[in-house]
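Colleague: how would this look folded up:
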Amino acid sequence: MRFKTAIALAVIGLLLLGLGIGQRTLWLPPATVTASVPAGVQGGPVTVIDSSLRTLRGGPVSVSVKSAGNILLAVGRSDDVEAWVGKAAHLSVDGVDGDFSTLTTRHSDGEAKVPDPAGSDLWTHEESGVGTVNYSWSAPAEGDWSLLLATDGTAPAPTDISVTAANDRSTPWAVPLMVIGALVLAIGILLLLFRLASGGGAAGPANGRRAAARRAHSALGSAQGASGSSPASGPPAAAGPSTGQGSSPASGPGPSAASGEPKSFRLRSAGASMAAALLLLAAVAPAAEAATPAATPSPTVPAATPSPTVPAAAPSPTVPAAAPSPTAPAATPSPTAPAAPSSAAPAAPSSAAPAAPSPTANPAAPVVLDSQFSRILDATASAVATGDAAKDVSALTSRVTGAALALRTANYKIRSQVSGYAAVAPVTSSRLLTKVISTSRPWPRSVMAVTQGTKNPVPQLLTMVQQSARENYKLVSAAPLLPGQTFPTVSKDGTSALAVKSGDGLKLSPRQALGALGDRLSKAKSLWKPRISDSPYISDVLSYQSDIVSNSPDGKFTFAHAPVAGNGYSFRTADGGAIVIGYLSFTVNGAPKSSGAKLHVDSDAAVFSGGKETSTGMTLSFGEPVVLFVPGKKSPGHMILLAATRGLVGAKFK
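Modeller: Below is the predicted model:
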C-alpha cells in the first residue's frame, strides 16, 4: 500500500511541477504588446500624442511613426505643445482600448497650415526621418511631456502610429506550483526509499526463512553430539569447559554473509536515502524558482546627460574694480518716476497678451531645460557673430530683436562710413558664468546668461526673450557688468519672473526703479541719488553731459534718460530682491543761445544728421541697455546699477 502511495505522490508532484514551469515557458504571454491608430482617421498639419501614453503599463514605451514622406517627431512639455498647436487642426492620440490593440484618437478642426515646427526652442528633443521614425519615449525631466508629429506644417502630419509597451507577464501561480510540485515529488521519492530500506521488499521473507533453518540445523547437531558417547569409553571427563565443536542451543549461530545485512547497516542506508531525498528537494525548489524569468521591459533610450548647472553656492561673476559703498541715507521723499518713451527708441517687439498657463503645466517647472538653454545661447551667439563679421543686419534677425537689434543696426551703419569706430562688444556662449531661467510659464518668457568670451574684458549680461510659443528666443539686451559689481544669487532651479509694474516685496516696482535710474542719470542733483549707489557708469554719464555744456558755450542743452515701454523684464533673486533689465532712451537736445550761433556734432552723429553743424538746433539719441538690482522691501541696501552701456542710434538737426 505504501509503495502505491509513493508512486501516486511522485506522479502528482511531476504534474504540478510541469504546470508551474509551463506557465513560465510554453504559456508565457509575449514580452510586449502593441496598439495602433486605426486606418483612415482624419488628421491635420500636426498630430499630438498625449502624455498619458508615455506611462502605459508602467512605461516607458516605444513609438513607431510611418509616412510616405518626411517625418518630424518633437518632444516638449505638454503645455508647450498645446500652446504651439494653438488653433491648428490636429489629431490627438490620447488613449488605448482595453485589450491594448487600438489607440483612441480625437480630431480638432482649425488652421490647415502652420509654421514648420522643426527647430523650435520649445522642444527638448527632435527625431526626423523619411518613411519611418522609431522613438523610445522617456521623460527628459519631471512633469508632463507630449509628442508632436508633423511634416513641414503644410502637408498632413503622419497618422500611421503604433505604441509598444511592456506586457503584463505576471503568473502568480507559477512559482507556488513549482515549489508544491517539487515538495510532493520529494515526499513520494522519500516514501519509496524508506520502503526499500526497511526490508519490505521481496527478498525479506526468504532471508528470514533461511536464517531460521540454519538455527534449527545447529541445535539438532548439538543434541546428537551429546547422546552419541559410549559407557565403555571410560570414566566421564572431568568437569570443565567444553572443547568440542558443538555449542549450546541457546548460543545460536553468529552473523554471517549468508544471513543478509545487519540491522545497523540497514538503518544507515535508510538515513542516507533520507539525506539524498532532502538534498534533491533542496536542489529542485531553487531550480524551480530560478526558472521564473523576469518580465521583459520595453526598450528604452538612455536619458540624455543633463547639461551642467551652476550650483547655488557658486560665486557670482565680479569685475575686480573697487567701487565705494555708500552709507544708507536718511529717508527721502519718493519722486515720481518718468516714463515717457522717446521717439528715437526702437519699437518694442510685438507680443501676444500673456495667457494663463495650461492646467497640465507644472508651475514650478523652468521654461527651458539646461540642454535647451545651451542650444538657445549657442544659436544666439552664432547669429550675432555672423552679423558682426559681415555688418549684416539680416543675419541678426533670427535671434536678435528690440534694443539689441537697434544698437547693432546703428553701429553697423556708423562703421560703414567712419573708420576706426568701435564695434559693439561681442556676444559669446562661453564661458558661461551663470544663468537665470524663469519658472513663469505665460508668454513672453525670459532667460538670462552671464558669459565672458576671450574678447570680452568683462562679463556680459545677455537677456533673451520668447514672445510667443511659435517664436524662438531672441536677444533683447546685452550689457557689460560694471566694475566692482557682483551678480546677485539666483536659484539654479529657476526663479519667478516679475511683471514690470509689480512691486511685490520690493522697495520699488521694476518700472519705478527704471524711472528712478533715468532721473539719477539725467541730473547731478537728482532726488534719487541717496537711494541709488554710486557707479562708474553714472559718473561717466554725468561727466559726459557736463563736458557737452562746457565745450559748447554757444548752446544750451537738456538731457533725459527715459525708460522705453515694452523693454522691461525682471527676475526674483534668492534674497527677495529683483534683477531688473531695461532700456533707456538717452537724448541730448541742443539749441543755439543766439541768432547765428552754431552747434557742431562729430562724424558718428553726422552719419545720421547729414552734416556736422547746425544753427537751428539738434538732437542726439543714444540707446542705454541697463541692469539694475532692486532690494527687497525689508532690506537696508540701496538700488545698484549692475550693468550698463550706451550706443549712438540717431541724430538730427531741427
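
Colleague: Does residue 388 touch residue 426 like I think?
Modeller: Yes - using C-beta atoms under 8 Å, residue 388 makes contact with residue 426 at a distance of 6.5 Å. Placement of C-beta: from N, CA and C, glycine included.

Colleague: Looking at the two, which one has more neighbours?
Modeller: Ranked by neighbour count (other C-beta atoms under 10 Å), residue 388 and residue 426 place residue 388 first, with 20 against 17.

Colleague: any idea how far residue 109 is from the more buried one?
Modeller: 46 Å (C-beta to C-beta, to the nearest Å).

Colleague: Point out where the stretch 301-450 of the chain drops to low pLDDT.
Modeller: 301-363 (pLDDT under 70).

Colleague: can you give me the strands in the stretch 551-654 of the chain?
Modeller: 555-563, 569-572, 578-592, 599-600, 613-614, 618-630, 640-644, 647-653 (DSSP state E, counting those that start in this stretch).

Colleague: so what strands line up beside the fourth one?
Modeller: In this case it means strand 599-600. Within its sheet, and counting by DSSP bridges, strand 599-600 is paired with strand 613-614 (antiparallel).

Colleague: Do me a favour and average the pLDDT over the partner strand.
Modeller: Mean pLDDT, strand 613-614: 94.

Colleague: Tell me, how many residues neighbour the residue lying closest to residue 581 once chain neighbours are set aside?
Modeller: Counting by C-beta to C-beta, 6 or more residues apart in numbering, residue 581 lies nearest to residue 569, which is 4.5 Å off, once chain neighbours are set aside. Close neighbours of residue 569, defined as other C-beta under 10 Å, add up to 26.

Colleague: Touching, residue 569 and residue 465? I think so.
Modeller: Yes - in this structure, residue 569 is within contact of residue 465 by C-beta under 8 Å, at 6.8 Å.

Colleague: Please enumerate the shared neighbours of those two.
Modeller: Shared contacts of residue 569 and residue 465 (C-beta atoms under 8 Å, 6 or more residues apart in numbering): 446, 476.

Colleague: measure residue 644 to residue 458 for me?
Modeller: 12 Å.

Colleague: Work out the gap between stretch 33-44 and the centre of the chain.
Modeller: Distance of stretch 33-44 from its chain centroid, counting by C-alpha atoms, centre = their mean, to the nearest Å, is 29 Å.

Colleague: List the buried residues of that stretch.
Modeller: Within stretch 33-44, the residues scored as buried using 16 or more other C-beta atoms under 10 Å are 33-37, 41, 43-44.

Colleague: Contact partners for residue 473?
Modeller: 121, 376, 380, 399, 445, 447, 464-466.

Colleague: May I have the phi/psi pair for it?
Modeller: Dihedral pair for residue 473: phi -70, psi 140, per degrees, to the nearest 10.

Colleague: In terms of pLDDT, where does it sit?
Modeller: 98.

Colleague: Next one: it from residue 399, what distance?
Modeller: Residue 473 is 8 Å from residue 399, by C-beta to C-beta.

Colleague: Need the residues touching each of the two.
Modeller: In contact with both residue 473 and residue 399: residue 380, using C-beta under 8 Å, 6+ apart.

Colleague: And the nearest residue to residue 628 once chain neighbours are set aside, how close does it get to residue 644?
Modeller: Leaving aside its sequence neighbours, residue 628 sits nearest to residue 580 (C-beta to C-beta, 6+ apart; 4.5 Å). The gap separating residue 580 from residue 644 is 12 Å, by C-beta to C-beta.

Colleague: ok, now residue 528?
Modeller: Where residue 644 is concerned, residue 528 sits at a distance of 15 Å (C-beta to C-beta).

Colleague: does the residue nearest the centre of the chain sit in a helix or strand, and which one?
Modeller: Most central residue of the chain, judged by C-alpha distance to the mean C-alpha position with C-alpha atoms, centre = their mean, is residue 141 at 2.6 Å. Under the criterion DSSP states H and E, no helix or strand holds residue 141.

Colleague: How about the contacts made by it?
Modeller: Residue 141 neighbours (C-beta under 8 Å, 6+ apart): 124, 365, 369.

Colleague: ok, residue 89 touching residue 113?
Modeller: No - at 9.2 Å, residue 89 does not count as touching residue 113 under the criterion of C-beta under 8 Å.

Colleague: Mutual contacts of those two, please.
Modeller: Residues touching both residue 89 and residue 113 by C-beta under 8 Å, 6+ apart: residue 45.

Colleague: Which one of the two is surrounded by more residues?
Modeller: Between residue 89 and residue 113, residue 89 has the larger neighbour count (other C-beta under 10 Å), namely 20 against 12.

Colleague: Can you give me the distance of that one to residue 146?
Modeller: 17 Å.

Colleague: on that earlier part again, tell me how many other residues surround the residue nearest to residue 628.
Modeller: Neighbour tally, residue 580, other C-beta under 10 Å: 27.

Colleague: Doesn't residue 458 lie inside a helix?
Modeller: No - assignment of residue 458 by DSSP: H, G, I helix; E, B strand; the rest coil gives coil, placing it outside any helix.

Colleague: still on that earlier bit, out of the strands of the stretch 551-654 of the chain, flag the one nearest residue 136.
Modeller: strand 569-572 (35.9 Å; C-beta to C-beta).

Colleague: returning to that earlier point: the contacts of residue 473 into a markdown table, with extra columns for secondary structure and distance to residue 408?
Modeller: Output for the contacts of residue 473, formatted as a markdown table (DSSP: H, G, I helix; E, B strand; the rest coil; distance: C-beta to C-beta, whole Å):
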| residue | secondary structure | distance to residue 408 |
| --- | --- | --- |
| 121 | coil | 21 |
| 376 | helix | 18 |
| 380 | helix | 12 |
| 399 | coil | 11 |
| 445 | strand | 23 |
| 447 | strand | 20 |
| 464 | strand | 15 |
| 465 | strand | 16 |
| 466 | strand | 20 |
